[in-house]
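S.K.: Fold the following and give me the result.
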Amino acid sequence: MIYRVLDPSSETAVVQRVLAPRLTSLTGKTVGFISNGKEGTKGFFMHLERLLREDLNVGNVVLRQKSNYSAPAEASIIKEAATWDATITGLGD
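M.R.: Numbers count the residues shown, from 1 in each chain. Just a heads-up that it's a prediction; the model follows:
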């Protein structure tokens with residue numbers, strides 16, 4: 001019998017990134033939601049949108065849904081998200 005031992009460590013070097021600066025306010029800003037498309041997400045994001053608009057004076061809310069809940073968001077969504085001031089991703093079952 002042959003035993004294969006696999007090394008679970010990453011084969012690539014970790015790339016260091018600089019975090020985006022924090023927003024001081026959401027007033028007038030565009031906030032995007034990226035949904036995984038599961039049933040519970042829609043109601044959660046609708047409630048959160050109302051809170052953001054009423055309590056934090058968010059200017060615009062954009063909702064996008066991934067085509068596959070278990071895969072990364074499509075390149076077109078990621079490209080669009082780069083134009084938003086803040087992004088919230090979520091899931092719901």
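
S.K.: Pairing-wise in the sheet, spell out the partners of the residue nearest to residue 57 when sequence neighbours are not counted.
M.R.: Spatial nearest neighbour of residue 57, excluding adjacent residues (C-beta to C-beta, 6 or more residues apart in numbering): residue 27 at 4.3 Å. Quick note: C-beta positions are derived from backbone N, CA and C, even for glycine. Beta-bridge pairing for residue 27 (DSSP bridges): residue 58.

S.K.: Quick check, pLDDT for residue 27.
M.R.: What the model reports for residue 27 is a pLDDT of 97.

S.K.: show me what contacts it?
M.R.: Neighbouring residues of residue 27 by C-beta atoms under 8 Å, 6 or more residues apart in numbering: 56, 57, 58, 59.

S.K.: Using TSV, please lay out those residues together with neighbour count, distance to residue 78 and pLDDT.
M.R.: Compiled in TSV, the contacts of residue 27 are given as follows (neighbours: other C-beta atoms under 10 Å; distance: C-beta to C-beta, whole Å; pLDDT from 0 to 100):
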residue	neighbour count	distance to residue 78	pLDDT
56	12	24	96
57	12	27	97
58	20	21	97
59	13	22	97
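
S.K.: could you dump the residues you listed to JSON lines with distance to residue 75?
M.R.: Formatted as JSON lines, the contacts of residue 27 follow (distance: C-beta to C-beta, whole Å):
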{"residue": "56", "distance to residue 75": "29"}
{"residue": "57", "distance to residue 75": "31"}
{"residue": "58", "distance to residue 75": "26"}
{"residue": "59", "distance to residue 75": "26"}
